[in-house]
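Peer 1: using only what follows, build the 3D model:
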Amino acid sequence: MELLQAIGLFIQDQILGMKWLNVLIGNLVSALGLDTASHWGGSIQFFIYDVIKITILLCTLIFIISYIQSYFPPERSKRILGRFHGIGANIIAALLGTVTPFCSCSSIPLFIGFTSAGLPLGVTFSFLISSPMVDLGSLVLLMSIFGAKVAVWYVVLGLVIAVAGGTLIEKLHMERYVEEFIRNASSVDLESPTLTKRDRVIFAKDQVVSTFKKVFPYILIGVGIGAIIHNWIPESWIQAVLGSNNPFGVFLAVLVGVPMYADIFGTIPVAEALLAKGAQLGTILSFMMAVTTLSLPSIIMLRKAVKPKLLALFIAICSVGIILVGYLFNAFQYLFI
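Peer 2: Alright, predicted model coming up:
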């Protein structure tokens, strides 16, 4: 048992967390005459370390997930979802969301395609909620900072929000609040070409390049914010606003997170810095969920596909679910960290 724990800790700290890289960069910064305990030295160490670490994880994860995704093109995903009914269909849709695009703005075109194809609205919303919130990349990235227990429960609770939200929308019969052009669109089944292993590798490589170009600026911004929080903002400030002394910390985190546009890779360095400064676990996770699921650009894009009443219901379901998850993690933080 101790051996398994040691192996798990090694994977978390040295493979996913890359603490050896942090030590190496710290030594290099010190060799340049900067004190890593100072504001500037610590900021430079944090920035270089997190940019390199997240870039390596980003490219590796996108390649692996895109390779898996090549087995689930939209037409095949639609056929798979069409075989299931009731809550089973919502569960399958939420699980399919874990191997699809990394942000909500990329998921919305797939949501529109599924809805136009005549799939139940609740099923397509389960996919839409799950896709940016709990993709496989988030599982691995969260493991690198918070450990496997937090990462697994984050994904499980995210899937619960997706399934419950989609089921509620289905029960309320909100189909009339989908825009006319989507409801009236005719579904055209196009046979997906058969891909060889080489084709899948090429597809995965292309996805790495295109996603990296889109995501990297947000990584730089996120790491920059994380470096400022980690080295310049007093711990007492963070604890006062986002710590256990503020019962409204989760609400504040969601309100701050919604206007932002980033994906899981951009929020990770901010979460890492906040945790080190004493912010509560659930507050941090609710912030990450809000940024990835309810970003303002994605809401504006979704408004083109659904009417205000359905959009408001989607936002309300996600917000309530995220807030409940935040308070749940805060209440049981002692079990996770």
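Peer 1: tell me which residues of the helix ranked longest in the chain are tucked away?
Peer 2: The longest helix of the chain (DSSP state H) is helix 197-231. Neighbour counts using 16 or more other CB atoms under 10 Å place 200, 203-204, 207-208, 211, 215-216, 218-220, 222-231 of helix 197-231 among the buried residues. C-betas here are computed from N, CA, C, even on glycine.
Peer 1: tell me the angle the strand or helix carrying Gly41 makes with helix 197-231.
Peer 2: Here Gly41 sits within helix 39-69, counting by DSSP states H and E. Compare the direction of helix 39-69 with that of helix 197-231 by axes from the mean of the first three to the mean of the last three CA atoms, to 10 degrees and you get 160 degrees.
Peer 1: same for helix 39-69, what does it pack against?
Peer 2: helix 19-31, helix 136-146, helix 197-231, helix 264-276 (3 or more CB pairs under 8 Å, 6 or more residues apart in numbering; DSSP states H and E).
Peer 1: for Leu195, grab phi and psi.
Peer 2: phi -100, psi 140 (degrees, to the nearest 10).
Peer 1: make that Val178, sorry
Peer 2: Val178 adopts backbone torsions of phi -90, psi 140, taken as degrees, to the nearest 10.
Peer 1: likewise for Asp35?
Peer 2: Dihedral angles (degrees, to the nearest 10) for Asp35: phi -90, psi 120.
Peer 1: also Val306?
Peer 2: phi -130, psi 160.
Peer 1: show me the beta-bridge partners of it.
Peer 2: Val306 forms beta bridges with Val178, as assigned by DSSP bridges.
Peer 1: hmm, who's touching stretch 83-95?
Peer 2: 80-81, 120, 122-124, 126-127, 129-130, 134, 159, 162-163, 166-167, 170 (CB atoms under 8 Å, 6 or more residues apart in numbering).
Peer 1: could you tell me which of these count as buried?
Peer 2: Using 16+ other CB under 10 Å as the threshold, 81, 120, 122-124, 126-127, 129-130, 134, 159, 162-163, 166-167, 170 are the buried ones among the contacts of stretch 83-95.
Peer 1: how about these, which pair is most distant?
Peer 2: Pro120 and Val134 (20.6 Å; CB to CB).
Peer 1: below-threshold pLDDT in the stretch 1-150 of the chain: ranges please.
Peer 2: Within the stretch 1-150 of the chain, the segments meeting pLDDT under 70 span 101-106.
Peer 1: give me that answer again for 90
Peer 2: For the stretch 1-150 of the chain, applying pLDDT under 90 flags the ranges 1-17, 37, 57-59, 61-62, 64-86, 96-120, 128, 131-148.
Peer 1: can you list the buried residues in stretch 39-54?
Peer 2: Under 16+ other CB under 10 Å, the buried positions of stretch 39-54 are 41-54.
Peer 1: so what touches it?
Peer 2: 17-18, 21-22, 25-26, 29-30, 34-36, 141, 144, 219-220, 223-224, 226-228, 230-232, 265, 268-269, 272-273.
Peer 1: Ala117 and Ser77 touch, don't they?
Peer 2: No: using CB atoms under 8 Å as the test, Ala117 is too far from Ser77 to be in contact (10.0 Å).
Peer 1: those two: which is more packed in?
Peer 2: Per other CB atoms under 10 Å, whichever of Ala117 and Ser77 has more neighbours is Ser77, with 24 against 20.
Peer 1: does that one touch Leu96 like I think?
Peer 2: Yes: judged on CB under 8 Å, Ser77 makes contact with Leu96 at a distance of 5.6 Å.
Peer 1: phi and psi next, for the closest residue to Ile112 other than its chain neighbours.
Peer 2: Closest residue to Ile112 apart from its sequence neighbours, by CB to CB, 6 or more residues apart in numbering: Ala305 at 5.2 Å. Torsion angles at Ala305 (phi, psi; degrees, to the nearest 10) stand at phi -100, psi -30.
Peer 1: any idea how far Val258 is from Ala305?
Peer 2: 19 Å (CB to CB, to the nearest Å).
Peer 1: which is the next helix or strand following the longest helix of the chain?
Peer 2: With DSSP H and E, the next secondary element past helix 197-231 is helix 235-242.
Peer 1: and the helix or strand just after that following helix, what's buried?
Peer 2: Heading C-terminal from helix 235-242, the first helix or strand you meet, by DSSP H and E, is helix 249-257. Across helix 249-257, burial judged by 16+ other CB under 10 Å covers Gly249, Val250, Phe251, Ala253, Val254, Gly257.
Peer 1: now the fourth one, nearest residue through space, not along the chain?
Peer 2: Okay, so that is Ala253. Nearest non-adjacent residue to Ala253, counting by CB to CB, 6+ apart: Phe287, 3.8 Å away.
Peer 1: distance between stretch 156-165 and the chain's centre?
Peer 2: From the chain centre to the centre of stretch 156-165 is a distance of 13 Å (CA atoms, centre = their mean, to the nearest Å).
Peer 1: buried ones in that stretch?
Peer 2: Buried residues in stretch 156-165 (16+ other CB under 10 Å): Leu157, Gly158, Leu159, Ile161, Ala162, Val163, Ala164, Gly165.
Peer 1: so which of those comes closest to Gly282?
Peer 2: For the buried residues of stretch 156-165, the nearest to Gly282 is Leu157 (10.4 Å; CB to CB).
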